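[1] Sequence and predicted structure are below.
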Amino acid sequence: MTSKENKVFPPSGILKDLALLRASEIRLSSLLPNNASETGQDTPELERSYEFVREARAAIKVHDNDAVERQAERLENVRGGLEEVLKGLDQGR
């Protein structure tokens, strides 16, 4: 019997579960019993982590809707137009 046959958990299932937990924005600390130490304040590290997640999601959203590519194409069209104007001005001299 090889080690591949002894897998207890399928990795794809675990990765999917972890991704769902991350996407759900559930604070795992809220699942702990009430006697857990609660200060009511998030640590600076946790706040930075939340900010990172927000920024990463925004970047993924921009990437997924091709906004950057559309803006780059628009800029390239403007650049091409300006080059044509410049050529026209050079020919008019």
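    Okay, I see it. From a predicted model like this one, the values you see are computed outputs, not experimental measurements.
[2] Which secondary structure state does D42 sit in?
    coil (DSSP: H, G, I helix; E, B strand; the rest coil).
[3] can you count the residues close to it?
    13 (other C-beta atoms under 10 Å). From N, CA and C alone the C-beta is placed, and that goes for glycine too.
[4] Can you give me the distance of it to R48?
    10 Å (C-beta to C-beta, to the nearest Å).
[5] Would you map the helices across this protein?
    Under the criterion DSSP state H, the chain contains helices at 11-24, 44-64, 67-91.
[6] Can you add mean pLDDT, mean neighbour count and distance to L32 and give those back as JSON lines?
    Formatted as JSON lines, the helices of the chain follow (pLDDT from 0 to 100; neighbours: other C-beta atoms under 10 Å; distance: least, C-beta to C-beta, whole Å):
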{"stretch": "helix 11-24", "mean pLDDT": "78", "mean neighbour count": "10", "distance to L32": "15"}
{"stretch": "helix 44-64", "mean pLDDT": "89", "mean neighbour count": "11", "distance to L32": "15"}
{"stretch": "helix 67-91", "mean pLDDT": "92", "mean neighbour count": "10", "distance to L32": "40"}
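[7] Just put those helices in JSON lines and tack on distance to S30.
    Listed next are these as JSON lines, based on distance: least, C-beta to C-beta, whole Å:
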{"stretch": "helix 11-24", "distance to S30": "12"}
{"stretch": "helix 44-64", "distance to S30": "13"}
{"stretch": "helix 67-91", "distance to S30": "34"}
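[8] Check the offset of stretch 14-29 from the chain's centre.
    15 Å (C-alpha atoms, centre = their mean, to the nearest Å).
[9] could I get that stretch in PDB with only the CA atoms?
    Output of stretch 14-29 as PDB, limited to C-alpha atoms (Å, rounded to 0.1, in the frame of the first residue of the first chain):
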ATOM      1  CA  ILE A  14      -9.800  20.800   2.200                       C
ATOM      2  CA  LEU A  15      -8.700  23.600  -0.100                       C
ATOM      3  CA  LYS A  16     -12.300  24.200  -1.100                       C
ATOM      4  CA  ASP A  17     -13.400  24.400   2.600                       C
ATOM      5  CA  LEU A  18     -10.600  26.800   3.400                       C
ATOM      6  CA  ALA A  19     -11.500  29.000   0.500                       C
ATOM      7  CA  LEU A  20     -15.100  29.000   1.500                       C
ATOM      8  CA  LEU A  21     -14.200  30.000   5.100                       C
ATOM      9  CA  ARG A  22     -11.900  32.800   3.800                       C
ATOM     10  CA  ALA A  23     -14.600  34.100   1.400                       C
ATOM     11  CA  SER A  24     -17.300  34.000   4.000                       C
ATOM     12  CA  GLU A  25     -15.600  36.500   6.200                       C
ATOM     13  CA  ILE A  26     -16.700  34.600   9.300                       C
ATOM     14  CA  ARG A  27     -14.500  35.400  12.300                       C
ATOM     15  CA  LEU A  28     -13.600  32.000  13.800                       C
ATOM     16  CA  SER A  29     -13.300  33.700  17.200                       C
END
